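> have a look at this prediction, sequence included:
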Amino acid sequence: MAELLFIATTIFVAYVLFVVVGGDKKDKAKAAEPVAKPVTTTASAAPVTKEIKQEAAEPAKPVSKPSAAKAKAAPAAKKTAPATPVRADSLKNPKTGEVAKMPNNYAFAKRWIKEALVEEGLLDKIYKNNELDAATTSKIHDALQQLKALEKYQ
């Protein structure tokens with residue numbers, strides 16, 4: 001009996017959450033529809049409809065287009081996508097275009113940054129976290145600064 005009461009309570013709570021969070025889309029659609037006011041036929045309504053009919057009867061004014069001479073005189077400028085600006089404390093992967101924040105700690109540096117340090121000859125290998133000591137850390141920090149200075153990674 002307790003299991004049935006638990007199941008019924010769980011279903012009820014799920015239904016309440018569904019109504020509160022998601023709600024029924026049909027109910028929302030009905031609530032969103034504006035209520036139309038009934039149209040009354042009074043003496044004051046007649047002139048308004050005549051004015052609307054007169055405005056609709058007037059032909060629309062054509063929109064002026066720039067002349068062909070102006071279009072030919074303007075130089076054809078190439079539209080290029082603006083380059084994504086790289087912040088001073090960021091590095092850009094030249095292979096993929098990914099921009100990553102300059103790591104404060106070598107252990108948290110992205111893999112491509114570690115590989116780039118080795119490819120550029122700034123480090124002799126990719127160090128593991130247990131190989132990091134004070135001398136290695138200072139060497140890595142200098143290598144990161146040199147990598148940051150390279151035009152290829154800006």
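That came in fine, so what should we check first?
> what's the average pLDDT for stretch 123-131?
The average pLDDT within stretch 123-131 is 92.
> measure Phe108 to Ile140 for me?
12 Å (C-beta to C-beta, to the nearest Å). Heads up, the C-betas are built off the backbone N, CA and C, glycines and all.
> with Glu115 instead?
14 Å.
> and these two? which has more neighbours close in?
Taking other C-beta atoms under 10 Å, Glu115 and Ile140 do not tie; Ile140 has more neighbours (21 against 14).
> residues in contact with the more buried one?
Counting by C-beta atoms under 8 Å, 6 or more residues apart in numbering, Ile140 makes contact with 106, 117, 123, 127, 132.
> in the helix or strand harbouring it, which residues are buried?
Following DSSP states H and E, one finds Ile140 within helix 134-149. For helix 134-149, a neighbour-count test (16 or more other C-beta atoms under 10 Å) marks 139-140, 143-144, 147 as buried.
> noted, bye for now.
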